[in-house]
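Undergrad: no sequence for this one, just the structure:
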């Protein structure tokens, strides 16, 4: 594996999940593989879980970490080609990526979408240009349209907790006061639809919240949340803004919040969320504080997700 | 010792001071105790001394450090329970603490008071909720009402410099343009009043600046600064806002500034301050630049204070 | 070498360049020299290359790194002496430097000029006061008037690429929308004029952009860019604000941009820039994307520049 930007970069998803579970049992098993190598973590946007879990994963592999917040620690970058840079960007991504590639053996990049321009966001220019110009392997720490380290952690969690060979997994939209990216649901759908995931994926949301079919193809999609929840083994709640009416909030319907009543429709499902989550907006206190909530275990698995990916990249490229 | 939030968490204050002095002589004596462990430093507020000295202490114990500025590197946290999170907080402290506890073996937290609501501040919700929800030992890097790593460094400094078995230590208020927390004076009083400190503590300030008696009980309190300074072996200057008229500045009396004239009243006292200090506001240049000023030694002792605490926590919990 | 603030701190420039080239071949050759030592990187201003390359250099020497952004991670510092600090600075540089010196074995400082007051900027108060008060060796990460780690990397790059014993090196001004410091051109001129550099330096800029003669003495200076470029082996483009009309932009003449036509005047010169660079303002895409552009190699050499300096300081002071 050269880069890690989506499930399509992974040769063998089952093997990657198994590696993560092996690392969870024995975090220091491959403690020498990163020695004298450097991982650069470049954040265009805030991060808590990704920042800390990826560092922890790197430490377990003896990888040195350098992290930087773009536009705060350094300057704003120009992404567009062929422009006269007489505005408020001081450096072009071509140079920034190539220079960071001189200092780092692997680069992790977080770059959220604008939510203004669908075409630009879905072209994934920031991460793609880092791949093109840095000359080193690149790991997505959440890009404009995908969050694969999260999805891998989600799949690890489902594997740990599933009670049947092929569980029913429901991804459900819920209302939120701000317009959020589609990256987490896109990526979750893409991973759950992979044959190795071996789950039945149902996606439910109000009309107009359809995700890009490129990600959801293979899943059952319904506007009826109650129907979707019936018999679910896992309920993954998440808000996203509309893909169709790009970046807009087209529903604030509070009835989509996951409550104990909704959870009663399920097969005593485990409750999942990528975090951060707004309590009593996306999910009620009673659900997230219940024994069936697995959000902390899920966040904990971010370490093993990142560590498996970094181990594979180190092995395959150095 | 599980957590370090006040002097009450310490079984044996004398032993902790002696450990710090031992580490100052031989910083790498316990260099293996933190190997493959991770310390998370979470800052809700700015920090220079604490940020750097705690990292240095961790390095000396081979502890990995991950630091994060909340609200800058990541998002704003909700502290209150049972709220509908539809405002400007994106994550609840319950999840944040539990998640950080997944990635760190020990967590250090800095969280200043609002100075608006005494009850909320003195409940110490941020650090207490990290203790409740993180599942790992928690170290105060200055909380709303206490700064115990500073107080321990202060006690170490007094032990290094005292010329009599039981020195006279004066904590004196001085005017300041901004309203400051009571954390440093609260904590200093609490530590100096501990039997192991073995000092005579006198606290002096204008009327209305009385600290919470919970911290000062046992000390002599006077509104007459000159009387307090007479025969002092140590003068610890510090501003704080009123506890009684909570968070307010009720005096801007510049005569409380520590000047050479004031120091002449003392028994050639050592001048102490926790830093940062405003020159010619809290203390005149002539005093802080004199050979009797020990503020840099005091700041240097922050390393051994933090290292002793981290060593003890590592020893007792892992 | 005690401090590294300019070429004048270096005993033997040729030896330092050779050490850098040796480290480039074998980065871990002196991997033990920094063990259990700590480098503090203190940024008063943003940084990408310096932040990352200096960390990487430190890692290669097993130096621990602590970095801090002043005014963001901590508070604003007072630089002036003898002032009543009742304004918006919370700590004096005297204490800050001395305290950081308690925690770090070497301190790197980045501090840009105000561009308002020439005398203050050219006194270099920030870095000089860190040298005076910290008690430990200090490395400039770009000060108000010089950027010696960059200049050393520039000289390394010229040594790697020169095709004649004494190449012609042209430093050319180009227009820019913002007023920039003179630090890079000052420092570049000073290093290129050093006998060990062994180059013919020509500096070209519009009238009124003369640099402080202290730095340029020995170089040929001309207002005719085309004449300067004739037969050049290296073209180093850079904007700076006027030294004479201090901190002002007195020309926005776009004809100074380095274009393929300009490069045709040269002896197939290598194109250099310290980065960040504004494309199609300082240099056209066609030039910076051409095989003769060496800006990435030049940025890569920042690692070996910093590592050579740190190695020398460690060797000479500990």
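TA: Okay, I see it. These numbers were taken from a predicted model, which means no experiment stands behind them. Numbers count the residues shown, from 1 in each chain, chains lettered A, B, ... in the order given.
Undergrad: Distance-wise, check the residue in the stretch 1-150 of chain A positioned nearest to chain B relative to residue C:270.
TA: Residue nearest to chain B within the stretch 1-150 of chain A: residue A:48 (3.8 Å; CB to the nearest CB). (Glycine included, C-beta is placed from N, CA and C.) Using CB to CB, to the nearest Å, residue A:48 is found at 44 Å from residue C:270.
Undergrad: who has more neighbours, the two?
TA: Counted by other CB atoms under 10 Å in any protein chain shown, residue A:48 and residue C:270 do not tie: residue C:270 has more neighbours, with 28 against 24.
Undergrad: How about the contacts made by that one?
TA: Neighbouring residues of residue C:270 by CB atoms under 8 Å, 6 or more residues apart in numbering or on different chains: C:161, C:233-235, C:292-294.
Undergrad: Secondary structure and distance to residue A:219 for the residues you listed - can I get that in CSV?
TA: Output for the contacts of residue C:270, formatted as CSV (DSSP: H, G, I helix; E, B strand; the rest coil; distance: CB to CB, whole Å):
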residue, secondary structure, distance to residue A:219
C:161, helix, 56
C:233, coil, 62
C:234, strand, 59
C:235, strand, 57
C:292, coil, 52
C:293, strand, 48
C:294, coil, 51
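Undergrad: quick one: contacts for whichever residue of the stretch 101-250 of chain A sits closest to chain B?
TA: Minimum separation of the stretch 101-250 of chain A from chain B (CB to the nearest CB) falls at residue A:177, amounting to 4.9 Å. Applying CB under 8 Å, 6+ apart to residue A:177 gives the contacts A:252, A:278, A:281, B:86-87.
Undergrad: What subset of those is buried?
TA: A:278, A:281 (16 or more other CB atoms under 10 Å in any protein chain shown).
Undergrad: Secondary structure and distance to chain C added to the contacts of residue A:177, as a markdown table?
TA: Shown next, in a markdown table, are those (DSSP: H, G, I helix; E, B strand; the rest coil; distance: CB to the nearest CB, whole Å):
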| residue | secondary structure | distance to chain C |
| --- | --- | --- |
| A:252 | coil | 36 |
| A:278 | coil | 27 |
| A:281 | coil | 31 |
| B:86 | coil | 29 |
| B:87 | coil | 25 |
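Undergrad: got the contacts of residue A:177 as JSON lines, with pLDDT columns?
TA: Listed next are the contacts of residue A:177 as JSON lines, based on pLDDT from 0 to 100:
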{"residue": "A:252", "pLDDT": "96"}
{"residue": "A:278", "pLDDT": "97"}
{"residue": "A:281", "pLDDT": "97"}
{"residue": "B:86", "pLDDT": "93"}
{"residue": "B:87", "pLDDT": "91"}
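Undergrad: can you pull the buried residues of stretch A:243-251?
TA: Buried, per 16+ other CB under 10 Å, within stretch A:243-251: A:243, A:246-247, A:249, A:251.
Undergrad: Now, those residues that are in helices?
TA: Among these, no member falls in helices (DSSP state H).
Undergrad: and the strand or helix carrying residue A:189, average pLDDT?
TA: In the assignment (DSSP states H and E), residue A:189 maps to helix A:183-192. For helix A:183-192, mean pLDDT rounds to 98.
Undergrad: what's the answer for stretch A:9-26, then?
TA: 98.
Undergrad: still on that earlier bit, the helix holding residue A:189 near chain B at all?
TA: No. Helix A:183-192 lies out of reach of chain B by CB under 8 Å from any CB of the partner chain, never closer than 13.9 Å.
Undergrad: Show me the helices in the stretch 151-300 of chain A, by range?
TA: When secondary structure is read from DSSP state H, counting those that start in this stretch, the stretch 151-300 of chain A shows helices at A:183-192, A:213-216, A:225-229, A:260-264, A:285-288, A:295-317.
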